[in-house]
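In: predicted model and sequence below, questions to follow.
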Amino acid sequence: VISHDVFIASFSELDDHLALWRTYADSCRGVAVGVVKGSPFTLPPDYDVRWVSVEYSEQKHRKSVRNATAGSFYELAPSMKRSSHAFEKEWRIVANTGSSAESCPPVSFRVSQFGLTPSVDFVPAGLILPIQEIVLGPNAGSKAYNSIALLLRSKGYQLVSVNEPRDEGVFIRESSCHAQ
């Protein structure tokens with residue numbers, strides 16, 4: 001039996017899209033965390049962690065699966081999503097623990113729409129998350145701005161902007177993040 005634990009953190013190139021707010025942000029009450037695309041992330045102990053662009057073409061999915069080996073399927077699956085989600089322009093950080101139980105990082109659990117969901121903390125190299133900005137959801141509430149700003153300051157993020165919702169734009173930034 002081959003056992004692989006694959007953990008995924010999902011991001012979008014869109015920072016403010018109503019369909020994303022409705023689907024992924026607790027009925028538009030959440031926040032979007034803008035990060036620098038391609039930033040290094042590590043998990044203790046070190047193992048395969050990489051950025052992956054999501055592919056939405058079902059034709060390309062079929063071709064990739066035909067060419068996949070049993071072991072490479074775990075590399076391939078996190079990059080696929082149905083074509084109906086193509087508007088999301090998703091990127092993922094994929095962490096593959098391989099088949100060794102000793103290599104698995106500490107696992108936490110949370111309740112999600114799918115039930116009890118395992119999760120791990122993606123710790124970036126240097127221990128500072130590459131946060132560029134925070135965008136508040138359309139229904140985030142009047143106290144959200146001050147609460148998020150206070151949380152960021154308490155964690156050492158002095159230069160991260162917190163923004164009200166706006167029109168669609170670029171979410172994953174190409175520039176570097178400056179945290180103090």
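Out: Nice, thanks for sending it over. Numbers count the residues shown, from 1 in each chain.

In: Phe109 - how many residues pack around it?
Out: 10 (other CB atoms under 10 Å). All C-beta atoms are positioned from the backbone trio N, CA, C, and that covers glycine.

In: quick one: classify it as helix, strand or coil.
Out: strand (DSSP: H, G, I helix; E, B strand; the rest coil).

In: that one contacts Gly115, doesn't it?
Out: No: counting by CB atoms under 8 Å, Phe109 does not reach Gly115; the two are 10.0 Å apart.

In: my impression was that Gly156 belongs to a strand - is that right?
Out: No: counting by three-state DSSP, Gly156 is not part of a strand but coil.

In: verify the stated contact: it with Ile128.
Out: Yes: judged on CB under 8 Å, Gly156 makes contact with Ile128 at a distance of 7.1 Å.

In: which one's more surrounded, those two?
Out: Using other CB under 10 Å as the criterion, Gly156 and Ile128 rank with Ile128 on top: 16 against 12.

In: next, that one: secondary structure please.
Out: Here Ile128 is recorded as coil under three-state DSSP.

In: read off the pLDDT value for it.
Out: pLDDT, Ile128: 73.

In: separation between it and Ser119?
Out: Distance of Ile128 to Ser119, given as CB to CB, to the nearest Å: 20 Å.

In: try Ile148
Out: Ile148 is 21 Å from Ser119, where distance means CB to CB.

In: and what of Arg22?
Out: Applying CB to CB to Arg22 and Ser119 gives a distance of 22 Å.

In: likewise for Pro130?
Out: With CB to CB as the criterion, Pro130 and Ser119 are 19 Å apart.

In: between the two, which is the more surrounded one?
Out: Using other CB under 10 Å as the criterion, Pro130 and Ser119 rank with Pro130 on top: 21 against 13.

In: what's the neighbour count on the residue lying closest to the more buried one once chain neighbours are set aside?
Out: Spatial nearest neighbour of Pro130, excluding adjacent residues (CB to CB, 6 or more residues apart in numbering): Ser39 at 3.7 Å. Applying other CB under 10 Å, we find 20 residues neighbouring Ser39.

In: per-residue pLDDT of Ser39, please?
Out: pLDDT for Ser39: 80.

In: do Gly115 as well
Out: 90.

In: and the gap between it and Asp16?
Out: From Gly115 to Asp16 the distance is 29 Å (CB to CB).

In: phi, psi of Lys155?
Out: Torsion angles at Lys155 (phi, psi; degrees, to the nearest 10) stand at phi -100, psi 0.

In: downstream neighbour of the one helix or strand in the chain whose mean pLDDT sits lowest in the secondary structure list?
Out: For the chain, using mean pLDDT, DSSP states H and E, the weakest element among its helices and strands is strand 123-124, scoring a mean of 64. Sequence order places strand 131-136 as the next helix or strand after strand 123-124, per DSSP states H and E.

In: great, nothing more from me.
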